[in-house]
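1. with the sequence up front, the predicted model follows.
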Amino acid sequence: MRLPMMVIARALALIWAAFWTFFFVAESWAWRAPARILTFWSGAGLVFMILALVPWGWEMTGGVLLAVAGPSIGLAYAIWSPAGLPLSNRMITNAFLSGPPLLAGLLLLIRHRAVAARA
């Protein structure tokens, strides 16, 4: 069975957002972070969830947002990642933070272009 590109892109974005939202909240909870830190990380998770849900209503807009958000998140993490973290760990984390939204965004844009070309 061949899965449609949109299903793969939406699932990838949703799994990415759900994982990082859970991670942000669970890590803050485990480290007994103050409420304002927990609120900040929960807000970051909420932004990720919104980014993942936009393509469900607006495919092209969601694709563009995800394709731009991926490298932007990667750049932000590269700038603000913990200094004591080994380079290999930073690169792997950066790939898992920025890769899925970039791939999902590109899949949505490719699908949108293919559908527009058929019309």
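-> Received it, and whenever you're ready, just let me know what you need. The structure presented is a predicted model; accordingly, all values stated were derived computationally and were not measured.

2. residue nearest the centroid of this protein?
-> In the chain, the C-alpha closest to the average C-alpha coordinate belongs to P101, at a distance of 4.3 Å (Cα atoms, centre = their mean).

3. what sits against that one?
-> 13, 16, 51-52, 66-67, 69-70, 73 (Cβ atoms under 8 Å, 6 or more residues apart in numbering). Any C-beta I mention is one placed from the backbone N, CA and C, and that applies to glycine too.

4. output the below-cut-off pLDDT ranges for this protein.
-> Filtered on pLDDT under 70, the chain yields the residue ranges 1-2.

5. 50 - rerun?
-> For the chain, residues meeting the criterion pLDDT under 50 lie at 1.

6. helix, strand or coil for A67?
-> helix (DSSP: H, G, I helix; E, B strand; the rest coil).

7. quick check: nearest residue in space to it, chain neighbours excluded?
-> For A67, ignoring the flanking residues on the chain, the nearest one in space by Cβ to Cβ, 6 or more residues apart in numbering is G105 at 3.0 Å.

8. my guess is the one you found contacts M60, does it?
-> No: distance between G105 and M60: 10.2 Å, which falls outside the contact criterion (Cβ atoms under 8 Å).

9. between those two, which is the more surrounded one?
-> G105 (25 against 15; other Cβ atoms under 10 Å).

10. so that one is in which element?
-> Counting by DSSP states H and E, the secondary-structure element that holds G105 is helix 87-118.

11. and S72, by the same measure?
-> Here S72 is covered by helix 59-80, with elements defined by DSSP H and E.

12. would TSV of the contacts of P101 with neighbour count and distance to W41 be doable?
-> Formatted as TSV, the contacts of P101 follow (neighbours: other Cβ atoms under 10 Å; distance: Cβ to Cβ, whole Å):
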residue	neighbour count	distance to W41
A13	31	19
W16	24	16
L51	22	16
A52	27	17
L66	28	20
A67	19	24
A69	20	17
G70	23	19
I73	21	14
